[in-house]
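Q: task: produce atomic coordinates for the following.
(one chain, ligands or ions: 3)
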Amino acid sequence: MNLTIDTARLTRELETLATFSDAPQPAVTRIVFSEQDLRARVWLKQLYVEAGLDVREDAVGNTFARWRGTDPELPAVGTGSHTDAIPHSGRYDGTVGVLGGLEAIRALKRAGFQPRRSIELLMFTSEEPTRFGIGCLGSRLLSGSLTASAADCLKDSDGRTLDEVRAAAGFHGSLDSVRLDPGCYSAFVELHIEQGPLLERRNVPLGIVTAIAAPASLWVTIEGEGGHAGAVLMPDRRDAFLAAAEIALALEAAALSTGAIDSVATTGLCEVFPGVINGVPSRVRLGMDVRDIDPERRDGMLGKLKLACGDISRRRRVTARIEMINQDAPTTCAPAIVDVLAATCEKRGFAFDKMVSRAYHDSLFISRICPTSMLFIPCRSGFSHRPDEYSTPEAISQGTLVLADALAQLAC
Ligand code: GLV
Ligand code: MN
Ligand code: MN
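A: Ligands and ions are numbered 1, 2, ... in the order given. So this is what the prediction gives:
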């Protein structure tokens, strides 16, 4: 099959998608169900229709664009990723998997290929946890990893429920209907930037993902006592922020103590109440993210954090309450899909590394309902979740070519 990728068009489309943003270029901010997200969805759906795909959206806004196979009753082959972007991030995270997936389908069509199984491009709603606090919202619901009733309770920072927000965005119906039957896909492959430095450092153009690390995230709310920054004497203070600072350091120490490069922990959110320069903080909420490829080691870090919260809050005479948001199992990718990707790279003369993903992806959840793997392309210096995230058009094109070829084999 004479497959060619229209790299110029794909590059232009990535540029256009980046303009649907609440942050000035080169930064991208595209929060789920914001006006920019909704505008981006309209633009994307137009591209899907132009490519001759049948478009369906579910009650949470997951979008499916299907190229009907000659045997449409067979389980389909899926590909795709997400297009939401955390505040002040870059233009390639997720988008390469959606627009690259679309270009892979267009390339197969141009080459005259006719799939036996349908090939379906998915755009998952809210892979990023920014608005509702939990990552991979759409793929959790699709895979039955999050119940509809638990999702119904989610609220954004303005106190608006997921139900309200999705209805305002035009997505109606029970969230129960989002769940897919296991067996609806025979295979799923997600193309994504690596978000780490290894491929670039080793000068290897492609990574094939064999496992995805286990993510956990949690809130820690610390309550102390507020007061006048000038008048409350130091020995009398029960400063919630200072306790929070120690708790954040304790989490770092827990991650470092494993001695494993795969143990990572981040305190990315710190809300200070009342948040004034001349007031002692009375309440702090920390948003923490803890991951490891080994779930027991990850849970060991969480155990150390809990002990530290107890010690620090006793010593500082505050209270610290932990609320787990998610504590997911890792996944091992399907050897059969890994093998197809590896054979495709070999056939096309591309070197590749097998690697684990420390970032999470919708594939973590889709792997629970069908055989799944991911294809990584290098990104400059491993930068991601920042405005200078960058992958070369050549890297994106190579990833798209291998994706297209692999989809064709999986759809036969
Ligand atoms: C996904 O964006 C992640 O945080 O791994
Ligand atoms: Mn991301
Ligand atoms: Mn992503």
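Q: C-alpha from now on. contacts and neighbour counts both.
A: Will do.
Q: check which helices and strands the longest helix belonging to the chain sits against.
A: The residue-count maximum for a helix in the chain (DSSP state H) belongs to helix 295-316. Secondary-structure packing of helix 295-316 (3 or more CA pairs under 8 Å, 6 or more residues apart in numbering; DSSP states H and E): helix 240-257, strand 283-292, strand 319-327.
Q: and with 10 Å instead?
A: strand 214-223, helix 240-257, strand 264-273, strand 283-292, strand 319-327 (3 or more CA pairs under 10 Å, 6 or more residues apart in numbering; DSSP states H and E).
Q: residue contacts, Cys333?
A: Applying CA atoms under 10 Å, 6 or more residues apart in numbering to Cys333 gives the contacts 208-212, 356, 363-364, 367-368, 370-374.
Q: restricted to strands, list the residues you listed.
A: Of the contacts of Cys333, the ones assigned to strands by DSSP state E are 208-212, 356, 372-374.
Q: of all these, which two lie farthest apart?
A: Val356 and Thr372 (13.3 Å; CA to CA).
Q: now Ala151. Nearest residue, chain neighbours left out?
A: Spatial nearest neighbour of Ala151, chain neighbours left out: Leu162 (7.2 Å); criterion: CA to CA, 6 or more residues apart in numbering.
Q: where's that neighbour relative to Val178, distance?
A: With the distance defined as CA to CA, to the nearest Å, Leu162 ends up 14 Å from Val178.
Q: do Ala216 as well
A: 23 Å.
Q: kindly report the same for Phe383.
A: Taking CA to CA, one finds Phe383 at 33 Å from Val178.
Q: can you give me every residue that contacts the residue nearest to Ala151?
A: Going by CA under 10 Å, 6+ apart, Leu162 touches 33, 60, 131-132, 151-156, 168.
Q: which of those residues fall in helices?
A: When DSSP H is applied, the contacts of Leu162 are split such that 151-152, 168 fall in helices.
Q: any idea which of those residues is closest to ligand 1?
A: For the ones in helices among the contacts of Leu162, the residue nearest ligand 1 by CA to the nearest ligand atom is Ala151; the value is 18.9 Å.
Q: how about stretch 147-164 as CSV, C-alpha atoms only?
A: Below are the C-alpha coordinates for stretch 147-164, written out as CSV (Å, rounded to 0.1, in the frame of the first residue of the first chain):
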residue,chain,number,x,y,z
THR,A,147,-20.0,4.9,37.7
ALA,A,148,-22.5,7.3,36.3
SER,A,149,-23.7,8.1,39.9
ALA,A,150,-20.1,9.0,41.0
ALA,A,151,-19.6,11.1,37.9
ASP,A,152,-23.0,12.9,38.5
CYS,A,153,-21.5,14.1,41.9
LEU,A,154,-18.5,15.8,40.3
LYS,A,155,-18.4,19.6,40.5
ASP,A,156,-16.2,22.2,39.0
SER,A,157,-14.6,25.0,41.1
ASP,A,158,-17.6,27.2,40.6
GLY,A,159,-19.7,24.5,42.2
ARG,A,160,-21.5,23.6,38.9
THR,A,161,-22.2,19.9,38.6
LEU,A,162,-21.0,17.9,35.6
ASP,A,163,-24.7,17.4,34.7
GLU,A,164,-25.3,21.1,34.6
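Q: which other residues reach the helix-or-strand element of the chain with minimal mean pLDDT?
A: Here the helix or strand of the chain ranked lowest by mean pLDDT, DSSP states H and E is helix 148-152, holding a mean of 94. The contact list for helix 148-152 (CA under 10 Å, 6+ apart) reads 60, 132, 134, 137-138, 140-141, 161-164, 174-179.
Q: only the buried residues of it, if you could.
A: Under the neighbour-count criterion of 16 or more other CA atoms under 10 Å, helix 148-152 has 148, 151 buried.
Q: what do you get for stretch 265-281?
A: So stretch 265-281, judged by 16+ other CA under 10 Å, has buried residues 265-267, 270, 272-273, 279-281.
Q: try stretch 155-162
A: Buried residues in stretch 155-162, defined by neighbour count with 16+ other CA under 10 Å: 155, 161-162.
Q: and which of those residues is nearest to ligand 3?
A: Comparing the buried residues of stretch 155-162 against ligand 3 with CA to the ion places Leu162 closest, at 21.1 Å.
Q: element containing whichever residue of the stretch 251-400 of the chain sits closest to ligand 3?
A: Residue nearest to ligand 3 within the stretch 251-400 of the chain: His361 (5.8 Å; CA to the ion). In the assignment (DSSP states H and E), His361 maps to no helix and no strand.
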